[in-house]
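Undergrad: Kindly return the folded structure for what I paste below:
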Amino acid sequence: MLKKDRLDVAKFYLPFAAMTVFLLFIYSMDFPQGDDFYFTVAGGSMERIWRFYISYYLNSGSRMANMLAQVFLISGLKVWKAVTPFVIESISLLMYYYVTGSLALRDGKSGDAALACVCAAFPGLVPVAQHVFADTFVWMDGSCNYIYPMLLALLGFVPFYNMLCGRPVPRAMRFISPACLLASALLHEQAAMLIAAVCAVCLIYFKRDKCLTKYEAAVSCLAFAALLFTLTAPGAYVRLRRTANADVPVLLRLAGDLLTYFYPFTSECWPLTALTGACALFVMRRRRNGAAPVSYFAVIFGTLVFSLSGMFMYPGIKPDPFMGGGMFGFKNILGCAECILIIIYFIFIFCIFISAAKNEKKYRPAAAIYTGMWASQAIPAALGVKGRPLFYLVVMLLLMALNLFWGAGHRLGTALKYAVAAFAVFTLVSGIQPMRSNMAEYAKIERGMAAAREGRAEEVVIDRDRFNFYYAYYNAFSPRYDRSLHMYYDIPDSVKIIFVHG
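TA: The predicted structure is shown next:
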């Protein structure tokens, strides 16, 4: 019996350990990019890092993720490369725990091993479209803004989530949770929005069940205070005034920003739309009282239209409805209508989850996750910011889907999980060659900088077109970092850096 228990433990941790080793290999090919150069020269000591944050708070916003990045950069990327794979796989373990309530394979649950594989390989399910994967996993500063806050948020929500699911709360987590939630909210404003929204939903359900205690109320107040600190940071409003089109009326700018943000859900990011619809259909199908036929029609029709329109290209819908004009260059009436309808579609699905959770407690976790998922996108949607802000949505959507689907079916469900895990691993392995190629291009830049530092060259050429930006920060090595590159590589001001692009 003891031998079997040890085998089960090894079997459970094997995919997580294997993926950690693989990620350590992947990160060995990484290099500084973009703001990494700027933060290195601006930091270097805790005193300088703190002064930088005060300036950032007054001029750009409240997020402290940049401080974390600067602390890592004191030792270059060595510590970050060694720590981040373990942080990622800790998120994987937490996803498994959220779904099963355990950190072990359970007797009679044949799908648990498959679920462990899916969770371990979840980075492979983060889209490379919109640079979500590159800007969060490959870029050091991006990981501090998204991966680390995500881990802290999931750790902090364990007591709330367990109570929603009717599970016992580990005693240690009751002490760890407040610190984790506060740290996550302070690291990034999207995490602050996510945390506050989930806490609000949980408070409503706990109040309804008359099981709300001072602990949950106090932790939630802490989360709301962190959100208030974030929203009142003077730098955020200074930064808004510096953005393009700041002189455009607010409502018009908001409309353009919403179109900019939501259009990818009908094109590049259509799998996220399809998965959201699948989750809604699953809930509707499994509810005790079912759902009205018109609701099924609305969700199925919406899922098909918004997921497939980018491939079928209906007459009048162009691949790029912005036509190079930015957020106010949206020239396509049908595309504009489609963006408006997809917003209604996501709101309708929100109503489905809330309605299901009202009648059946087992859907409350999904309702809380869905609410927090979109709360994390409130600021990016209002500002029309695409790309890496989708990371929080992707992780929470995967968690919700696993929570809903993990126990459905037997052989087919297990086979599907292994297939998804295999696909995720294949996606990650496919990134090895482009990352090696990027590393080789970076090595050329380093050789050029070394030659300039030693006086053997008067200019350094950086050919951005030779980088694969699906696996590098999309704005790495741009002219905006000219001064930081000079200081980072300690090359004379007389040396000219030539940025080749397009």
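Undergrad: what about residue 193, helix or strand, and which?
TA: Element membership for residue 193 (DSSP states H and E) is helix 189-208.
Undergrad: and what of residue 31?
TA: Judged by DSSP H and E, residue 31 forms part of no helix or strand.
Undergrad: Do I have it right that it meets residue 439?
TA: Yes: proximity of residue 31 to residue 439 meets the contact threshold set by Cβ atoms under 8 Å, at 6.3 Å. The way it works is simple: take the backbone N, C-alpha and C, and place the C-beta from them, glycine included.
Undergrad: Residue 477: which element?
TA: Counting by DSSP H and E, residue 477 is found in no helix or strand.
Undergrad: Which positions in the helix holding residue 193 come out as buried?
TA: 189-203, 205-206 (16 or more other Cβ atoms under 10 Å).
Undergrad: Tell me the first helix or strand C-terminal of it.
TA: Next element after helix 189-208 (DSSP H and E): helix 214-231.
Undergrad: how about that following helix: buried residues?
TA: Residues 216, 219, 220, 222, 223, 224, 226, 227, 229, 230 are the ones in helix 214-231 that count as buried (16+ other Cβ under 10 Å).
Undergrad: relative orientation of the helix or strand following it and helix 189-208 in degrees?
TA: Sequence-wise, the next helix or strand downstream of helix 214-231 (DSSP H and E) is helix 234-242. Counting by axes from the mean of the first three to the mean of the last three Cα atoms, to 10 degrees, helix 234-242 lies at 120 degrees to helix 189-208.
Undergrad: Toward the C-terminus from helix 234-242, list the very next helix or strand.
TA: Downstream of helix 234-242, the first helix or strand assigned by DSSP H and E is helix 250-262.
Undergrad: ok, the residue lying closest to residue 238 once chain neighbours are set aside - contacts?
TA: Spatial nearest neighbour of residue 238, chain neighbours left out: residue 59 (5.4 Å); criterion: Cβ to Cβ, 6 or more residues apart in numbering. Contact analysis of residue 59 by Cβ atoms under 8 Å, 6 or more residues apart in numbering lists 235, 238, 239.
Undergrad: Filter those down to the buried ones.
TA: Buried among the contacts of residue 59 (16+ other Cβ under 10 Å): residue 235.
Undergrad: possible to save the contacts of residue 59 as a markdown table with pLDDT and distance to residue 337?
TA: Formatted as a markdown table, the contacts of residue 59 follow (pLDDT from 0 to 100; distance: Cβ to Cβ, whole Å):
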| residue | pLDDT | distance to residue 337 |
| --- | --- | --- |
| 235 | 88 | 37 |
| 238 | 85 | 36 |
| 239 | 82 | 32 |
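Undergrad: pLDDT of whichever strand or helix holds residue 404, averaged?
TA: Using DSSP H and E, residue 404 maps to helix 390-405. Averaged over helix 390-405, pLDDT sits at 94.
Undergrad: Beyond that helix, next helix or strand please.
TA: helix 411-430.
Undergrad: quick revisit: so residue 31 and residue 439 - more neighbours on which side?
TA: residue 31 (18 against 15; other Cβ atoms under 10 Å).
Undergrad: list the contacts for the more buried one?
TA: Contact partners of residue 31, counting by Cβ under 8 Å, 6+ apart, are 77, 438, 439, 442.
Undergrad: The first one reaches residue 30, doesn't it?
TA: The reference is to residue 77. Yes: the pair residue 77 / residue 30 is scored as a contact, 6.5 Å apart, by Cβ under 8 Å.
Undergrad: So between the two, which is more surrounded?
TA: Ranked by neighbour count (other Cβ under 10 Å), residue 77 and residue 30 place residue 30 first, with 23 against 17.
Undergrad: Return the distance of that one relative to residue 219.
TA: Residue 30 is 36 Å from residue 219, where distance means Cβ to Cβ, to the nearest Å.
Undergrad: Next: residue 270.
TA: For residue 270 relative to residue 219 (Cβ to Cβ), the value is 37 Å.
Undergrad: now residue 126
TA: Distance of residue 126 to residue 219, given as Cβ to Cβ: 29 Å.
Undergrad: ok, back up a step: reformat the contacts of residue 59 as TSV; add distance to residue 133.
TA: Shown next, in TSV, are the contacts of residue 59 (distance: Cβ to Cβ, whole Å):
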residue	distance to residue 133
235	28
238	31
239	26
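Undergrad: Out of the contacts of residue 59, which is nearest to residue 146?
TA: residue 239 (18.8 Å; Cβ to Cβ).
Undergrad: Tell me the secondary structure at residue 75.
TA: coil (DSSP: H, G, I helix; E, B strand; the rest coil).
Undergrad: what about the stretch 201-350 of the chain, any weak spots by pLDDT?
TA: For the stretch 201-350 of the chain, applying pLDDT under 70 flags the ranges 244-248, 290, 310, 312-332.
Undergrad: still on that earlier bit, please identify every residue contacting each of residue 77 and residue 30.
TA: residue 140.
Undergrad: In space, not sequence, find me the middle residue of the protein.
TA: residue 391 (1.6 Å; Cα atoms, centre = their mean).
Undergrad: show me the contacts for that residue.
TA: 126, 132, 136, 146, 147, 150.
Undergrad: how far away is it from residue 46?
TA: Counting by Cβ to Cβ, the gap from residue 391 to residue 46 is 28 Å.
Undergrad: Same check on residue 393?
TA: Taking Cβ to Cβ, one finds residue 393 at 34 Å from residue 46.
Undergrad: Quick check: which element contains the residue found closest to residue 126 once you drop the neighbours it is linked to in the chain?
TA: Leaving aside its sequence neighbours, residue 126 sits nearest to residue 133 (Cβ to Cβ, 6+ apart; 4.8 Å). Residue 133 belongs to helix 132-133 when assigned by DSSP H and E.
Undergrad: Please tell me the pLDDT value assigned to residue 91.
TA: For residue 91, the model assigns a pLDDT of 97.
Undergrad: Surely it is in contact with residue 126?
TA: No: Residue 91 lies out of contact with residue 126 (Cβ under 8 Å); the separation is 11.1 Å.
Undergrad: joint contacts of these two?
TA: Counting by Cβ under 8 Å, 6+ apart, the residues touching both residue 91 and residue 126 are residue 395.
Undergrad: Got the domain ranges for the chain?
TA: 2-31+77-181+195-430, 433-500 (automatic domain parsing).
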